[in-house]
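> next input, structure requested:
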Amino acid sequence: MPSKALARLWFGVTAAVVLVALVIQIVAVVRAHGPYASVVARVANVFTYFTILSNVLVLVTTAAFARGRGTSPLMRVLWLDALVGIVVTGVVYQVALAGLFDLHGLNLIADILLHRVSPVLCVLGWLFFAPRVLGWRVVPWSLVYPLVWLAFTLVRGALDGMYPYPFIDAGDLGYGQVTVNCLIIGVLFVALASGARVADRLLMRARGGTRSADR
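Here you go, the predicted structure:
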């Protein structure tokens, strides 16, 4: 199979897996709660999780790659956000979240797909098939996504006490510890984004191809 066809197939499968995982997660939320208004609110709440948003970015970008697109300036930023976001998701899950909840049925399936399968498919897709479109100007723009998410999450938590993850629960930990936790994750995000850019260039050279991104 030609490499371009294989790349499109890989990204198409990745997008399909993520879409199925998101649907399963939503179905699990809907089945777990009765009143319509409550279901709507809880489904909306699903999309406040960094894990879910990062997987949505993976879905959007890999679907674009599967169609032979995804090299516009905006898509470059979204691709780096998807790549780094899903790696952070996998790392933080294994370090801080795995085993905290006793999951069964649909919730367990969604958990495995969103936290384990999706990161592996995305990273392998980047290593072997993705277009080399990451430039240095993409890196600072990629920080907008986690910063906006963090600001929204902390403001919302201060207003209604709802924090999606225990390591940013200012009600339990206090803002001092939450700040330290966020700084650690922020440094990880910047390091991964910068490292992805450098690795992207090295992978491009290894392929002997030309670069379509900014320097």
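
> and the residue nearest the centre of the chain?
Taking Cα atoms, centre = their mean, the centroid of the chain lies closest to S54, which sits 2.2 Å from it.

> which residues touch that residue?
Neighbour list for S54: 81-82, 85-86, 88-89 [criterion: Cβ atoms under 8 Å, 6 or more residues apart in numbering]. The way it works is simple: take the backbone N, C-alpha and C, and place the C-beta from them, glycine included.

> so which of those residues sit within strands?
Here DSSP state E is the test, and the contacts of S54 give no hits in strands at all.

> from the residues you listed, which is closest to N45?
Ranked by distance to N45 (Cβ to Cβ), the contacts of S54 are led by T89 at 17.4 Å.

> thought L113 was touching that closest one, still the case?
No: applying Cβ atoms under 8 Å, one finds T89 not in contact with L113, separated by 11.9 Å.

> which helix or which strand is home to D111?
Under DSSP states H and E, the secondary-structure element containing D111 is helix 105-112.

> in that helix, what counts as buried?
Buried positions in helix 105-112, judged by neighbour count with 16 or more other Cβ atoms under 10 Å: 106-107, 109-111.

> number of residues surrounding the nearest residue to I109 once chain neighbours are set aside?
Nearest in space to I109, with sequence neighbours left out and distances taken as Cβ to Cβ, 6 or more residues apart in numbering, is I24 at 5.6 Å. By other Cβ atoms under 10 Å, the residues close to I24 number 19.

> which residues touch I24?
For I24, the contact set (Cβ under 8 Å, 6+ apart) comprises 106, 109-110, 113.

> ok, now with 10 Å
Contacts were defined as Cβ atoms under 10 Å, 6 or more residues apart in numbering; by that measure I24 touches 105-111, 113-114.

> what's the spacing between it and A110?
Relative to A110, I24 is positioned 4 Å away (criterion: Cβ to Cβ, to the nearest Å).

> same thing with G68?
Between G68 and A110 the distance, using Cβ to Cβ, works out to 29 Å.

> T89 and L113: which is more packed in?
More crowded of T89 and L113, by other Cβ under 10 Å: T89, with 25 against 19.

> tell me the pLDDT at the more buried one?
What the model reports for T89 is a pLDDT of 89.

> that one against V95, yeah?
No: taking Cβ atoms under 10 Å as the contact criterion, T89 and V95 are not neighbours in contact, 11.1 Å apart.
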